[in-house]
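A.B. asks: I would like to see how this sequence folds:
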Amino acid sequence: MTGQATRQPAAEGGVRAPVGTVHVVDPHPLNWLFITWNTMEEPVRTDERGNIVGACMEDSGWEGSTLIVKVREGVRFQDGEPLTSHSIKRSFDEVQKWKAPHPPGTYLNFHPDTRVECPDDHTARFVFPEPDGLALAKFRGFHIASTRFWEEEGFGYRKYGTGEGHW
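C.D. replies: Have a look, this model is predicted:
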């Protein structure tokens with residue numbers, strides 16, 4: 001990823017900004033986890049006691065087998081793009097195409113017939129074909145990326161034609 005150069009030095013009142021390219025050289029087989037956790041959002045995180053707390057999800061509630069997610073306003077990706085319910089739907093739809101969306105375990109997968117609707121920019125409706133008691137826990141492993149990520153990198157879509165099984 002290439003950063004932007006500073007036009008005016010900080011000593012002269014300019015704004016400091018990242019410059020150059022980041023090369024990841026960590027050979028650890030789980031380095032992708034740390035990269036993902038530090039470059040993408042999730043609907044929820046866990047606190048120091050392991051309790052689920054909202055991240056880009058401000059609130060949620062069930063209507064039958066549909067989970068209504070209120071998306072926190074003001075969240076932005078590193079490139080400045082606002083994170084909206086449409087970002088959540090795009091990420092969900094992209095990953096649902098994979099045979100194994102979560103290599104660490106199928107228990108993190110959403111039912112293949114689940115779909116996401118966006119009635120507005122800050123509401124996402126997860127319509128499950130049947131009740132899913134682990135939905136909020138699965139949100140911890142549900143990574144939400146920017147449009148730029150899906151258009152340029154997308155877990156290798158451009159190079160491999162798929163985002164699974166090659167990392």
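A.B. asks: Could you use CA atoms for every contact and neighbour count after this?
C.D. replies: Will do.
A.B. asks: Would you mind naming the residues that bridge with the residue nearest the centre of the chain?
C.D. replies: Closest residue to the average C-alpha location of the chain: residue 144 at 1.5 Å, with Cα atoms, centre = their mean. Beta-bridge pairing for residue 144 (DSSP bridges): residue 41.
A.B. asks: And for residue 63?
C.D. replies: With DSSP bridges as the rule, residue 63 is bridged to residue 66.
A.B. asks: buried sites along stretch 56-75?
C.D. replies: Neighbour-count burial for stretch 56-75, counted by 16 or more other Cα atoms under 10 Å, picks out 56, 57, 59, 66, 67, 68, 69, 70, 71, 72, 75.
A.B. asks: Low-confidence ranges, this structure, go.
C.D. replies: Residues of the chain meeting the criterion pLDDT under 70: 1-12, 15-18, 24, 103, 163-167.
A.B. asks: just checking, what's the longest helix in it?
C.D. replies: helix 85-96 (DSSP state H).
A.B. asks: and that helix, what does it pack onto?
C.D. replies: Identification of packing neighbours for helix 85-96 by 3 or more Cα pairs under 8 Å, 6 or more residues apart in numbering; DSSP states H and E yields strand 115-120, strand 123-127.
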